[in-house]
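K.L.:
make a model of this:
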Amino acid sequence: MRAIDLHTHTAKSDGSYTPTELVDYAIEKELAAVAITDHDSIEGLDEALAHAAALQEKGLPSIEVIPGIEFSTKYENQDVHIVGLYISYDNGIFRQALNDFVDSRTSRNRKMCKNLQEAGIDISYERLLAMYPDAVITRAHYASFLCEYGYVKSRQDAFAKYLGDHTKYFVPREKVTPAQAVDLILKAGGVPILAHPPLYHMGDERLETLVSSLKADGLMGIEVFYSTYSNQDVRDMLRLAEKYDLLLSGGSDFHGDNKPGLDLGCGYGKLFVPEDLLLRIKEARK
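P.N.:
Got it, this is the predicted structure:
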């Protein structure tokens with residue numbers, strides 16, 4: 001049985017591979033399917049789907065590309081991510097909500113640039129856009145900028161000094177709730193998945209409260225397999241999935257060069273997401 005990867009990022013958000021490059025790499029890795037799930041962005045989907053279709057038409061090795069998204073949401077002052085798989089991203093309601101979401105990110109980025117300028121850093125939102133055209137600007141782009149122009153020695157240093165939540169330069173962005181993200185994905189005909197729950201360090205009781213609440217809102221799946229999970233994490237996620245009748249999902253959270261050592265399809269070497277999980281997701285979507 002081949003592997004799949006249902007959680008990846010391209011240069012259209014904070015990955016380093018173009019959508020075309022990511023599709024080619026997934027084929028090289030002999031994956032059965034790959035989902036493009038950029039942060040709050042669908043800008044890479046047309047390119048990835050078109051490239052896979054063109055390869056197939058030419059009789060060349062191709063792959064199933066799943067149109068997706070990863071929403072950054074806020075739950076009780078904590079970041080929670082919701083992945084959407086098989087979204088009909090041309091849906092008008094979905095696109096309008098996403099545009100509103102991007103507008104709030106732009107406002108936040110302009111404020112952060114102003115804060116960094118006051119710290120003596122020669123930066124502007126326009127410069128970031130010029131350096132990373134067509135990308136949804138995230139803190140990863142700020143970190144790359146600061147490293148490239150010698151303001152810091154490493155990405156970790158950038159977050160510690162300038163970009164972390166507790167630095168005086170950070171500007172929080174208004175975010176949708178997990179329930180709103182689930183609703184948007186459902187309206188776009190997609191399958192909403194709770195991404196990497198162990199990373200939130202909520203504690204068992206609080207996490208179960210979140211899962212129970214989101215299940216009532218229409219949550220359909222949970223990431224049971226992920227690059228950094230321990231064996232116990234997998235067991236805990238399987239228990240939640242069984243208790244709340246949730247689909248099993250998983251992915252590497254591949255970002256290319258922006259997450260060194262983390263590879264597509266296999267994470268840090270031990271990840272394997274079997275393709276039969278995708279059959280169940282497709283059946284549930286029908």
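K.L.:
average pLDDT across stretch 75-94?
P.N.:
The average pLDDT for stretch 75-94 rounds to 92.
K.L.:
okay, now the unreliable bits of the protein?
P.N.:
286 (pLDDT under 70).
K.L.:
same for the top strand by length along it, what does it pack against?
P.N.:
Longest strand in the chain by number of residues (criterion: DSSP state E): strand 64-75. Packing partners of strand 64-75 (3 or more Cβ pairs under 8 Å, 6 or more residues apart in numbering; DSSP states H and E): strand 4-8, strand 33-36, helix 45-57, strand 78-85, helix 178-187. From N, CA and C alone the C-beta is placed, and that goes for glycine too.
K.L.:
list the neighbouring strands of the second one plus their orientation.
P.N.:
Within its sheet, strand 33-36 is paired with strand 4-8 (parallel), strand 64-75 (parallel), according to DSSP bridges.
K.L.:
nearest to Met202, out of these?
P.N.:
Met202 lies closest to strand 64-75 among the strands paired with strand 33-36, at 8.9 Å (Cβ to Cβ).
K.L.:
centre of the chain versus the closest one, how much separation?
P.N.:
In this view, strand 64-75 has its centroid 5 Å away from the chain centroid, taken as Cα atoms, centre = their mean, to the nearest Å.
K.L.:
how far off helix 178-187 does that strand point, in degrees?
P.N.:
On the basis of axes from the mean of the first three to the mean of the last three Cα atoms, to 10 degrees, strand 64-75 is oriented at 150 degrees to helix 178-187.
K.L.:
roughly how far does the residue in the chain sticking out farthest from the centre sit from Asn91?
P.N.:
What lies farthest from the middle of the chain is Gly120; by Cα atoms, centre = their mean that is 31.8 Å. According to Cβ to Cβ, to the nearest Å, Gly120 stands 45 Å off from Asn91.
K.L.:
try Glu205
P.N.:
Here Glu205 is placed at a distance of 36 Å from Asn91 (Cβ to Cβ).
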